[in-house]
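Student: Sequence and predicted structure, then a few things I'm wondering about:
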Amino acid sequence: MPVMDGYTFLDRIKNDAEMALIPVIVMTQSDSEADEVAALVHGATDFVPKPYRPQVILHRAASLIKLRETAAMVNQVQYDRLTGLYSKEFFYQKVRERLEEHPETAYTIICSDIENFKLYNDTFGLEAGDRLLKHVADGLRTVVGEDCICGRYGADCFLSLRETGQERQDRVQLFSEESAHCPEMIEKVSVKRGIYEITDRSIPVERMCDRALLAVNSIKGHYGQLYAVYDDALRGKLLREKAITDAMESALAEEQFVVYLQPKYSLTNERIAGAEALVRWLHPKWGVICPSEFIPLFERNGFIPRLNEYVWRQVCMLLRGWMQKGYPLVPISVNVSRADAYRSNLAEMLLDLTRECDVDPSLLHLEITENAYSENPGRVVSTVEQLRKAGFVIEMDDFGSGYSSLNMLSQMSLDILKLDIRLVQNEIAKPADQSILNDIISMAHRLHLTVVAEGAETREQLNRLRAVGCDYVQGYFLARPMSAGQFEAFMRKNARPPASRGKQKKELSLG
Ligand code: C2E
Ligand code: MG
Ligand code: MG
């Protein structure tokens, strides 16, 4: 051995993670027991003294290689290659052992999921994604401590078992070189946790983990909510959501969804100038279900475009019926979800629909929720431009509920600004000189936008809205959402063209 002796060599490779995987057979002149022991202590796998017997060496080497390969396979099954955490199956096994060994200790299973991991991967590439996964796995290990068991559950999902106690405070900080330069990413990508405190040890560990997973899934897309605890309330909510999801297809086929209309009034003459179509689910067993219960779920499970299309068609048919009966016409606003706004053929599809029902597109107002603009503004703006070119009137719904700002408005193609109910009610509650309503409305008017306020519940609120120059109002004080039949009766009594408010602005009513 010219450069170093055999023992130094063994020490060196023992300390190198990759080299250490290679088995070393020490072959030497000496056949002293002390030398053999020393070689084995320094990490040799086997020791062969001279004179060599080739057949023996061949067989020893073959069986060593086989042994190593088996060990590597077991290792692969037990550990996740990327993060070094336990694999899912091995995690289950370790948890079972731990629970059996410590029947008196209270344990909790935590499922940690990286929200928007796909977005991160798409933005920074797969290698950066892998680094983030390793970083989160290391973070988890540190947070839950030495004595805990951690495993990888799925692509961007991890499991840990820890003694019940501090789990709600545990937070894995997400920091990576990539996201440090990209503040929006820091906001969007976070580690969310589903917590299941093991109360019933008789259920299989797999089911316990499913519960932690259900808990974390229940807060996906809920901004700022970092953990959820699996409990009876959550279980009830999830069961209800499942029942709704199971029932939605047949409900649509059986026409259980019914369009209600809530009038919009002109503030200059307090006459009906339009209406918003608001869907209700009339379930044969459950009764009336409000949209707040099923719309957010349909937005998550992908059903919303189908329901919306149904509502739009119903509204067009209603308008058609009014025309045929010679009733006075007012435009009807329908809600357009974020998923619709991303459809490249939305304008085409809506034009086909209005043509088919022989309805002028200007009678169909489209309420696009403010938050549809936040994720991919460019795409939404171009869809909206196509829609306006086709003759539809665009309202921005829920203005003031999210992040859009007044200066964003000037870059958007819009006709009507619809102030969110919370914004209206909060601002109206303040003394006039402290409220920003005035500024918002003046700014909107400078941009030639018509302003509709949502949620006026009292005469005082109505007067305040008129005083600050709001054009239209929709609220319980004037009318609640009602069936189409009730609305027809209402409209025939009330509708007349509202007083004109200047040429440039889009009027709600066509008169
Ligand atoms: P939105 O589009 O902002 O609709 C206005 C909501 O405010 C309606 O609730 C309406 O009944 C309520 N509202 C109106 N005036 C008042 C008031 O003075 N006080 C109070 N407290 N509330 C008032 P609704 O009908 O429960 O609808 C809730 C949300 O569900 C809607 O908010 C909309 O985002 C969604 N939604 C309803 N129908 C549809 C639909 O057909 N498609 C889609 N995508 N979403 C819909
Ligand atoms: Mg709306
Ligand atoms: Mg709204």
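Tutor: Arrived safely. Residues are numbered from 1 along each chain as shown. Ligands and ions are numbered 1, 2, ... in the order given.
Student: ok, which residues in the stretch 201-350 of the chain are in contact with ligand 2?
Tutor: residue 335 (C-beta under 5 Å from the ion). Quick note: C-beta positions are derived from backbone N, CA and C, even for glycine.
Student: likewise the chain?
Tutor: Selection of the chain residues close to ligand 2 by C-beta under 5 Å from the ion yields 335, 367, 397.
Student: Find the nearest non-adjacent residue to the residue positioned nearest the centre of the chain, please.
Tutor: Ranked by distance to the mean C-alpha position of the chain (C-alpha atoms, centre = their mean), the top residue is residue 221 at 2.6 Å. Nearest-residue entry for residue 221: residue 300, 6.5 Å, with adjacent residues in sequence omitted and distances by C-beta to C-beta, 6 or more residues apart in numbering.
Student: what are the bridge partners for residue 110, then?
Tutor: Partner residues in beta bridges with residue 110, using DSSP bridges, are residue 160, residue 195.
Student: ok, the residues of the chain next to ligand 2 vs ligand 1, which is closest?
Tutor: Proximity of the residues of the chain next to ligand 2 to ligand 1 (C-beta to the nearest ligand atom) peaks at residue 335, which lies at 3.5 Å.
Student: Are we agreed that that closest one is in a helix?
Tutor: No: read with DSSP: H, G, I helix; E, B strand; the rest coil, residue 335 is strand and lies in no helix.
Student: give the contact list for the residue lying closest to it once chain neighbours are set aside.
Tutor: Spatial nearest neighbour of residue 335, excluding adjacent residues (C-beta to C-beta, 6+ apart): residue 367 at 5.0 Å. In this structure, residue 367 makes contact with 276, 333-336, 395-397, 418, judged by C-beta atoms under 8 Å, 6 or more residues apart in numbering.
Student: and ligand 3, which of the residues of the chain next to ligand 2 contact it?
Tutor: Among these, the ones lying near ligand 3 by C-beta under 5 Å from the ion are residue 397.
Student: JSON lines for the residues of the chain next to ligand 2, including distance to ligand 1 and pLDDT?
Tutor: Written out in JSON lines, the entries for those read as follows (distance: C-beta to the nearest ligand atom, whole Å; pLDDT from 0 to 100):
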{"residue": "335", "distance to ligand 1": "4", "pLDDT": "97"}
{"residue": "367", "distance to ligand 1": "6", "pLDDT": "97"}
{"residue": "397", "distance to ligand 1": "5", "pLDDT": "94"}
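Student: Next one: residue 499, what pLDDT does it get?
Tutor: In the predicted model, residue 499 carries a pLDDT score of 43.
Student: cool, residue 50 as well?
Tutor: What the model reports for residue 50 is a pLDDT of 82.
Student: So it sits against residue 26, correct?
Tutor: No: assessed by C-beta atoms under 8 Å, residue 50 is found out of contact with residue 26, at 11.6 Å.
Student: Neighbour count for the two, which is higher?
Tutor: Residue environment comparison for residue 50 versus residue 26 gives the larger neighbour count to residue 26, 22 against 10, counting by other C-beta atoms under 10 Å.
Student: Helices along the stretch 251-400 of the chain, start to end?
Tutor: Under the criterion DSSP state H, counting those that start in this stretch, the stretch 251-400 of the chain contains helices at 291-301, 304-325, 338-341, 346-357, 372-375, 377-389.
Student: averaging pLDDT over each of those, which comes out lowest?
Tutor: What stands lowest among the helices of the stretch 251-400 of the chain, in mean pLDDT terms, is helix 372-375, with a mean of 78.
Student: so how far is residue 451 from residue 478?
Tutor: 16 Å (C-beta to C-beta, to the nearest Å).
Student: Kindly report the same for residue 468.
Tutor: 9 Å.
Student: Same question for residue 329.
Tutor: Counting by C-beta to C-beta, the gap from residue 329 to residue 451 is 22 Å.
Student: Among the two, which residue is more densely surrounded?
Tutor: Comparing residue 329 with residue 451 by other C-beta under 10 Å, the one with more neighbours is residue 451, at 25 against 18.
Student: Contacts only, for that one.
Tutor: Residues touching residue 451, when contacts are defined by C-beta under 8 Å, 6+ apart, comprise 416-419, 440-441, 444-445, 469-472.
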